[in-house]
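In: Quick one, structure for this:
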Amino acid sequence: MTEHEHVRVAVIGSGFGGLGAAVRLRREGITDFVVLERAGSVGGTWRDNSYPGCACDVPSHLYSFSFAPNPDWPRTFSGQEHIRAYLEHVTDTFRLRPHIRFDCEVKMMTWDAEQLHWDIETSSGRLTADVVVSAAGPLSDPKIPEIPGLDSFPGKVFHSARWDHDYDLRGKRVAMVGTGASAIQIVPAIQPQVGSLTLFQRTPPWVMPRVDRAITGAERALHRTLPFTAQARRGLLWGIRELQVQAFTKHPNELGFVEQLAKRNMARAIKDPALRAKLTPDYRIGCKRILLSSTYYPALAQPNVDVVASGLSEIRGSTVVAADGSEAEVDVIIFGTGFHVTDMPIAERIVGAEGRTLAESWKDGMAALRGATAAGFPNWMTIIGPNTGLGNSSMILMIESHLNYMADFVKQLGVLGGRAALNPRPSAVAGWNQRVQERMKRTVWNTGGCTSWYLDANGRNTTIWPGTTTEFRRATRQVNLAEYEVLRAPARPAEDAPVNGKKTAEVEA
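Out: Prediction:
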């Protein structure tokens, strides 16, 4: 990029959110935009997570853009390679590559209150943008816990989202740390080839069978020939999940029946009562994400697998030590310990109108108006922001709702005319957040008796949306200008000089 490049919109990230934003901008007639991608290809989390067994736990026909249906999904639950190929296809179909700046990591972005634009420093140079859409995503930056002795471990160490495909696991003694969505896919994928596998489990997950199968050629041909059949399939999958929401958000006790199904699923594969006791959660199902697998429990029952119902607390040479004192000699440690979700590192790189970073603004907890915009950060919005996550459905639905909001945000700036910016009023952000948190109180995520990555350091759920995707779609259909301050650059006669070398924006009530 050139030293003084200026664009109407800068999008950060090229996963589902970033590519969706790029497509929507083009559909709105806006071509003056760039997509800043720190890696060398598109895909976001579906590029980074390439571990053995990686797949989606949302059905394929629901885990795709409504404006880019794929009649050729090979399985009812798609693997990582299929989803990444789909995102490459979207990139090419909508001719997005000319807009994408690969190997271009955002180092810092600062709001210029006089010029009413964002100054963006990247690893490839500088640029300015009237509007920034952050689609970095909450599952972007892996989290590895601080374990005493980890630095001196003589073997191999990597995170599930940074899988080392050059390292041969055959015959190795492996420690798998964590029992989340990634771990339950990795364990059955690597168990047959490793010498031994020690699984460190702090909290057992609830696991339901994964009803996955190949989609037949006849089905795919039908969807290609009669697109409405694929739309009907998607609609059915969506409708079922919308009906499930009330059990999660209003009537958690109704989930007891689902718990019984999960226990039967475990009992079919785990015959050892002691192991079954280790794997049985003591919290309400749904409090942590319900995981889907038909191979996880059978893998744990194999003789080369040992489940340690305790977290990893220390490493002494090649010996890994659990909090309960048990030890194991290992050659490699694989961390399936999640991501920086409530403390996203990119928030430290965004400096708003008051000179504070977004991380400083969110030090007491993330909060954004309609999950999209933050007070003190004009003309900035995020895709999949605070309290927009889902516990039972497809995040693509939430992304598309935010794309509607983004499109209207940019449209409103055009209607206002001239150099203008929209800054959400603190009262509007606080009011929205208060309503969300009030609804959150009776949800299973807050009352289910677990500690999950949905909660921030203060124990507040700043991650999940406590309602249906339909409700969120209505809430983000358009921008309400009453919730924003309209900032305008001051009109300045030629002879008017800046005071103290600086001018600030004027605010319209």
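In: What is the burial count for the closest residue to D324 other than its chain neighbours?
Out: Leaving aside its sequence neighbours, D324 sits nearest to S310 (Cβ to Cβ, 6 or more residues apart in numbering; 4.0 Å). Just so you know, the C-beta spots here come from the backbone N, C-alpha and C atoms, and that holds for glycine as well. Close neighbours of S310, defined as other Cβ atoms under 10 Å, add up to 16.
In: what sits against S310?
Out: S310 is in contact with 200-202, 322-324, 326, counting by Cβ atoms under 8 Å, 6 or more residues apart in numbering.
In: Among those, give me the pair with the biggest separation.
Out: Pairwise distances across the contacts of S310 (Cβ to Cβ) peak at 13.6 Å, for the pair R202 and S326.
In: In a strand, V429, correct?
Out: No: counting by DSSP: H, G, I helix; E, B strand; the rest coil, V429 is not part of a strand but helix.
In: Just confirm it contacts L369, I think it does.
Out: Yes: counting by Cβ atoms under 8 Å, L369 is a contact partner of V429 at 4.7 Å.
In: so what sits against both of the two?
Out: Going by Cβ under 8 Å, 6+ apart, residues that sit against V429 and also against L369 are A375.
In: Which parts of the chain belong to which domain?
Out: 5-141+340-488, 150-211+237-335 (automatic domain parsing).
In: Can you give me the end-to-end span of the first one?
Out: By that I understand domain 5-141+340-488. Its first and final residues considered, domain 5-141+340-488 spans 22 Å by Cα to Cα, to the nearest Å.
In: For R488, grab phi and psi.
Out: phi -130, psi 140 (degrees, to the nearest 10).
In: roughly how far apart are it and G417?
Out: 10 Å (Cβ to Cβ, to the nearest Å).
In: neighbour count winner among the two?
Out: Set R488 next to G417 and count neighbours by other Cβ under 10 Å: R488 wins out with 16 against 8.
In: If I look at the more buried one, what pLDDT would I see?
Out: Looking at R488, its pLDDT stands at 93.
In: is it true that it touches R419?
Out: Yes: the pair R488 / R419 is scored as a contact, 6.6 Å apart, by Cβ under 8 Å.
In: Between those two, which contacts overlap?
Out: With Cβ under 8 Å, 6+ apart, R488 and R419 have common neighbours L116.
In: Which parts of the stretch 51-200 of the chain are strands?
Out: 100-101, 106-112, 117-122, 125-134, 156-159, 173-177, 196-200 (DSSP state E, counting those that start in this stretch).
In: closest one to T476 among the ones you listed?
Out: Nearest to T476, of the strands of the stretch 51-200 of the chain and by Cβ to Cβ, is strand 125-134 at 13.7 Å.
In: Partner strands of the closest one and their direction?
Out: strand 5-12 (parallel), strand 117-122 (antiparallel), strand 380-382 (parallel) (DSSP bridges).
In: for the last one, what is the average pLDDT?
Out: Looking at strand 380-382 alone, the average pLDDT works out to 98.
In: Pull the residues that contact that strand.
Out: 111, 118, 131-135, 350, 352, 368, 371-374, 402, 405-406, 409.
In: Would you mind listing the buried residues in it?
Out: For strand 380-382, the neighbour count (16 or more other Cβ atoms under 10 Å) marks 380-382 as buried.
In: Could you provide those residues in a markdown table, with additional columns for distance to D32?
Out: Below are those laid out as a markdown table (distance: Cβ to Cβ, whole Å):
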| residue | distance to D32 |
| --- | --- |
| W380 | 17 |
| M381 | 17 |
| T382 | 21 |
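In: Return the closest of the residues you listed with respect to G13.
Out: T382 (10.1 Å).
In: Please enumerate the helices of the stretch 201-350 of the chain.
Out: 217-225, 227-249, 256-269, 273-279, 296-300 (DSSP state H, counting those that start in this stretch).
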